[in-house]
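Q: Below are the sequence and a predicted model; questions follow.
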There are 2 protein chains.
Amino acid sequence: MEANISAGKTTILELLAASGADYFIETEPIDVWQNFYGFNVLKSFYENPESNALMFQSLVELTFTKASLKFPQDKPVISERSFETSVKVFMELAYQNRYIKCSEKFLLEEWYEVLKSKFHIEPTHFIYLRVPAEVCFQRMKKREREEENEVVLEYLQKIESLTDDWLLRKKNVSVIDGNRTQEEIKSEVVSIINQIV
Amino acid sequence: MEANISAGKTTILELLAASGADYFIETEPIDVWQNFYGFNVLKSFYENPESNALMFQSLVELTFTKASLKFPQDKPVISERSFETSVKVFMELAYQNRYIKCSEKFLLEEWYEVLKSKFHIEPTHFIYLRVPAEVCFQRMKKREREEENEVVLEYLQKIESLTDDWLLRKKNVSVIDGNRTQEEIKSEVVSIINQIV
């Protein structure tokens, strides 16, 4: 499940988990990014992205890779974002913002290509919960996650634009209008999952 | 095959290749490190290690991982250094020299652990060509590889010390005295390989 920051992914995934359906739900490991052997790598990234973006991106890739090792074979796996998102959206944005160099971008892309061959890191289908960046920005300000204090609207607008560029041209994607009630969104997600599995 | 910089690994590997024995010989991809999509990552590392050590270490890990994808099943693979060397020696040294942070060291170590499970990156046996750092330093000065201009004797002494710490306590290692003729060393390497395979 793909979406901008604060679009409501976690809430929908919680509703899915509570629905009793037999899904394996993998949420983003924010807690690991906030406490990697005692280091808040997420915070370091937002505070000083020029020095810490490569570290953060590589940690994100590591956590998605490790998560894939736990995926079961016998039930649908629903993952909050994916390894590919980190490459196509967040790494690309880090590059456009000059947080990482061109050579570092190529490095992260090559890692993705190599890891694809051995780990289950490629989603079979994408569900794109589409919420305007402006709405996400208001929600983000409300939830007051400490690390996101410095995030500006323009950052979310760039994520929206990169996610659109990447996902809207894919064939295996369902776009969901996020401007509805949580229950309506959840029902549509369930219906999409049932069509796929 | 493990050894310090300029210990003579490449020469021995070339002699092995020329001997006609049916080995798969993987030399260190210095050319990739010198020209990664047009970037001389090796040079960037030596020139400004504080900014580029994580990039370089990750590229080294990538190239060792990619190399392992080409290893044949039906003949002995002799690799110049290994993924483990990059972690136990060069990454550790980068950390001790404060080129990488503690969190970055943990990151590279975790990548190693994850990749071990899916790629053939662990040698069955190590051949440690042991040459005193002072001798390596003289040889390095003679060969005049551009990127190594700034490397000081102390750097090679630290590599020696870390390699000793790591390899001399292992069980699956043969230590070879590198202060002999190339033909003598080659013969001993062949004899070791024949005992293993």
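A: Good, I have the coordinates.
Q: need the contact list for residue A:8.
A: Neighbour list for residue A:8: A:129, A:131, A:139, A:178, A:182, A:185 [criterion: CB atoms under 8 Å, 6 or more residues apart in numbering or on different chains]. C-beta: built from backbone N, CA, C; applies to glycine.
Q: Show the buried residues in those residues.
A: With neighbours counted by 16 or more other CB atoms under 10 Å in any protein chain shown, those contain buried members at A:129, A:131, A:178, A:185.
Q: separation between the closest residue to the second one other than its chain neighbours and chain B?
A: Pointing back at residue A:131 there. Spatially, and ignoring its direct neighbours in sequence, residue A:131 is nearest to residue A:178 (3.5 Å; CB to CB, 6 or more residues apart in numbering or on different chains). Separation of residue A:178 from chain B (CB to the nearest CB, to the nearest Å): 33 Å.
Q: beta partners for residue A:78?
A: residue A:25 (DSSP bridges).
Q: middle-most residue in chain A, spatially?
A: residue A:81 (3.1 Å; CA atoms, centre = their mean).
Q: Who are the contact partners of it?
A: Counting by CB under 8 Å, 6+ apart, the residues that residue A:81 touches are A:1-2, A:9, A:28, A:64.
Q: now do 6 Å
A: residue A:28 (CB atoms under 6 Å, 6 or more residues apart in numbering or on different chains).
Q: Now it: phi and psi?
A: phi 60, psi -180 (degrees, to the nearest 10).
Q: Longest helix in chain A, by number of residues?
A: helix A:49-68 (DSSP state H).
Q: Against which helices or strands is it packed?
A: helix A:41-47, helix A:102-116, helix B:102-116 (3 or more CB pairs under 6 Å, 6 or more residues apart in numbering or on different chains; DSSP states H and E).
Q: Nearest to residue A:195, out of these?
A: Within the helices and strands packed on helix A:49-68, the stretch nearest residue A:195 is helix A:102-116; the backing value is 25.1 Å (CB to CB).
Q: Report the distance from the helix or strand following the closest one to the chain centre.
A: Remark: after helix A:102-116, the chain's next helix or strand is strand A:126-130, criterion DSSP states H and E. Centroid separation for strand A:126-130 versus its chain: 10 Å, with CA atoms, centre = their mean, to the nearest Å.
Q: picking up where we left off before, my read is that the residue nearest to residue A:131 contacts residue A:129, right?
A: Yes: assessed by CB atoms under 6 Å, residue A:178 is found in contact with residue A:129 at 4.8 Å.
Q: intersection of neighbour lists for the two?
A: Common neighbours of residue A:178 and residue A:129 (CB under 6 Å, 6+ apart) are residue A:7.
Q: returning to what we had before: which residues touch the residue nearest to residue A:131?
A: A:7, A:129-131.
Q: Of these, which is the nearest to residue B:197?
A: So of those, ranked by how close each gets to residue B:197 (CB to CB), first place is residue A:129, at 55.0 Å.
Q: what number of residues lie near the closest residue to the closest one other than its chain neighbours?
A: Closest residue to residue A:129 apart from its sequence neighbours, by CB to CB, 6+ apart: residue A:3 at 4.0 Å. Neighbour count for residue A:3, taken as other CB atoms under 10 Å in any protein chain shown: 24.
Q: I'd like the distance between the residue nearest to the centre of chain A and chain B.
A: 19 Å.
Q: same question, residue A:86
A: On the measure of CB to the nearest CB, residue A:86 and chain B end up 14 Å apart.
Q: With residue A:153 instead?
A: Taken as CB to the nearest CB, the span from residue A:153 to chain B is 30 Å.
Q: and if you look at residue A:141?
A: 29 Å.
Q: part of a strand, is that residue?
A: No: under DSSP: H, G, I helix; E, B strand; the rest coil, residue A:141 sits outside any strand and is assigned helix.
Q: burial count for the residue nearest to residue A:150 when sequence neighbours are not counted?
A: When the adjacent residues along the chain are set aside, residue A:150 lies closest to residue A:46, with 5.6 Å between them (CB to CB, 6+ apart). Residue A:46: 17 surrounding residues under other CB under 10 Å.
Q: What pLDDT is listed against residue A:46?
A: Looking at residue A:46, its pLDDT is 93.
Q: Could you double-check that it lies in contact with residue A:145?
A: No: Residue A:46 is not in contact with residue A:145 according to CB under 6 Å; the separation is 10.0 Å.
Q: Give me the neighbour count for residue A:113.
A: For residue A:113, using other CB under 10 Å, the count is 11.
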